[in-house]
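Participant: Following is a predicted model, sequence given first.
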Amino acid sequence: MPKSVFTGAHGLLVEVLVAARKESGLTQAELAAKVRKDQTYISIIERSQRRVDVLEFCALARAMARDPKELFALVVDRLPDELEV
């Protein structure tokens, strides 16, 4: 498996997205279809090989029937005091 190009807090965002997808009962392919993307789009995000911008985050959250603000709050609650970008 290729190594992530992102480190630190980005992994926390990915963990929240993966957990939300699984809790929603969606496969990667089903979630991708809801946002009109290919399954590889979701796979690359979940393997931390692609960053997610705020609009993509909102689209993914809504596709999983989640409130983007509530889902993002789960990310923020896990962030360390110092962020590496």
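Facilitator: Here it is on my side, so go on.
Participant: which stretches of the protein have low pLDDT?
Facilitator: Within the chain, the stretches with pLDDT under 70 are 1-7.
Participant: can you do 80?
Facilitator: 1-8, 84-85 (pLDDT under 80).
Participant: Show me which helix runs longest in it.
Facilitator: helix 10-24 (DSSP state H).
Participant: Now do residue 41: how many residues are near it, please.
Facilitator: The local packing of residue 41 (other Cβ atoms under 10 Å) involves 17 other residues. Where C-beta positions appear, they are placed from N, C-alpha and C, glycine not excepted.
Participant: Where does it sit: helix, strand or coil?
Facilitator: helix (DSSP: H, G, I helix; E, B strand; the rest coil).
Participant: distance of it from residue 17?
Facilitator: According to Cβ to Cβ, to the nearest Å, residue 41 and residue 17 sit 12 Å apart.
Participant: Give the helix, strand or coil label for residue 82.
Facilitator: Criterion first, three-state DSSP; result for residue 82: coil.
Participant: Kindly tell me how buried it is, as a neighbour count.
Facilitator: 7.
Participant: show me what contacts the residue nearest to the spatial centre of the chain?
Facilitator: The centre of the chain sits closest to residue 17, judged by Cα atoms, centre = their mean, with a distance of 3.4 Å. Residue 17 makes contacts with 45-46, 52, 57, 60, 71, as judged by Cβ atoms under 8 Å, 6 or more residues apart in numbering.
Participant: Please identify the buried residues of stretch 67-85?
Facilitator: Neighbour counts over stretch 67-85 (16 or more other Cβ atoms under 10 Å) mark 68, 71-72, 74-75 as buried.
Participant: Over to stretch 9-16?
Facilitator: So, applying 16+ other Cβ under 10 Å, buried residues of stretch 9-16: 9-10, 12-14, 16.
Participant: nearest to residue 84, of those?
Facilitator: For these, the closest approach to residue 84 (Cβ to Cβ) belongs to residue 9, at 7.0 Å.
Participant: okay, how far is it across stretch 54-72, tip to tip?
Facilitator: Distance between the two ends of stretch 54-72: 10 Å, counting by Cα to Cα, to the nearest Å.
Participant: which residues are contacting that stretch?
Facilitator: 13, 16-17, 20-21, 23-24, 26, 31, 34-35, 52.
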